[in-house]
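Novice: No sequence on hand, only this structure:
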């Protein structure tokens with residue numbers, strides 16, 4: 001592997017961290033078409049080759065990411081384990097013993113209070129800034145909700161996403177609503193209950 005040529009002469013985790021030539025390149029597999037992609041290629045792949053793509057699996061750790069969460073996967077633990085091996089495990093064990101010695105609650109088996117991280121609100125934007133298009137945004141929102149949803153609720157989510165994107169240049173809301181209404185009337189979507197609700201039309 002060209003990204004790890006310099007690892008032939010080192011065998012410990014500290015050497016790996018010091019190695020300036022090491023580049024951790026993350027690759028994903030598209031769960032729809034099976035194509036292997038570099039992380040920077042995923043967005044272009046969704047826009048051109050595979051518009052239905054929404055789930056991507058990391059080739060190294062086999063973890064599947066939904067939507068744009070793949071962008072937060074910057075490195076893979078299994079790569080470190082693969083090249084550090086026993087040194088990584090030894091370091092983890094040493095840290096565990098050190099924690100037990102300095103923390104009585106941990107040594108006595110008492111559970112420490114762990115704060116759960118706040119769930120990041122989905123923006124339906126690529127890298128939190130790039131607009132992916134009206135139709136694709138509407139489709140992904142409906143896919144997340146699975147069932148039908150009120151048209152006005154969908155409009156609110158789409159509008160907020162657009163206004164947060166780099167595509168928004170101060171356009172009037174009336175113009176944005178006209179664009180939205182045009183897209184929801186496309187064959188891919190189905191308006192039900194007198195047009196108050198919308199859902200994805202089942203593929204034949």
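Specialist: Alright, I've got the coordinates. The model shown is predicted, which means the values in this text are computed figures rather than measured ones.
Novice: And the helices in this protein?
Specialist: Along the chain, counting by DSSP state H, helices occupy 13-18, 42-44, 77-84, 86-102, 104-107, 134-145, 151-164, 173-184.
Novice: quick one: the closest residue to residue 151 other than its chain neighbours from residue 31, how far?
Specialist: For residue 151, ignoring the flanking residues on the chain, the nearest one in space by C-beta to C-beta, 6 or more residues apart in numbering is residue 198 at 5.1 Å. Just so you know, the C-beta spots here come from the backbone N, C-alpha and C atoms, and that holds for glycine as well. Between residue 198 and residue 31 the computed distance is 25 Å (C-beta to C-beta, to the nearest Å).
Novice: Between those two, point out the one with more neighbours.
Specialist: Set side by side, residue 198 and residue 31 show unequal neighbour counts under other C-beta atoms under 10 Å, the larger going to residue 198 at 25 against 16.
Novice: How about the contacts made by that one?
Specialist: Residues counted as contacts of residue 198 (C-beta atoms under 8 Å, 6 or more residues apart in numbering) are 142, 148-151, 154, 184, 189-192.
Novice: Looking at these, which gets the smallest pLDDT?
Specialist: Between the contacts of residue 198, the one the model trusts least by pLDDT is residue 148, at 83.
Novice: Pull out the buried positions in stretch 195-204.
Specialist: For stretch 195-204, the buried set under the neighbour-count rule, 16 or more other C-beta atoms under 10 Å, comprises 197-198, 200.
Novice: now stretch 126-144
Specialist: Neighbour-count burial for stretch 126-144 [16+ other C-beta under 10 Å]: 126, 131-132, 134, 136-142.
Novice: Identify all contacting residues around that stretch.
Specialist: Counting by C-beta under 8 Å, 6+ apart, 43, 46-47, 51, 54, 67-68, 71, 122, 124-125, 149, 154, 157-158, 161-162, 164-168, 179-180, 183-184, 186, 188-189, 198-200 sit against stretch 126-144.
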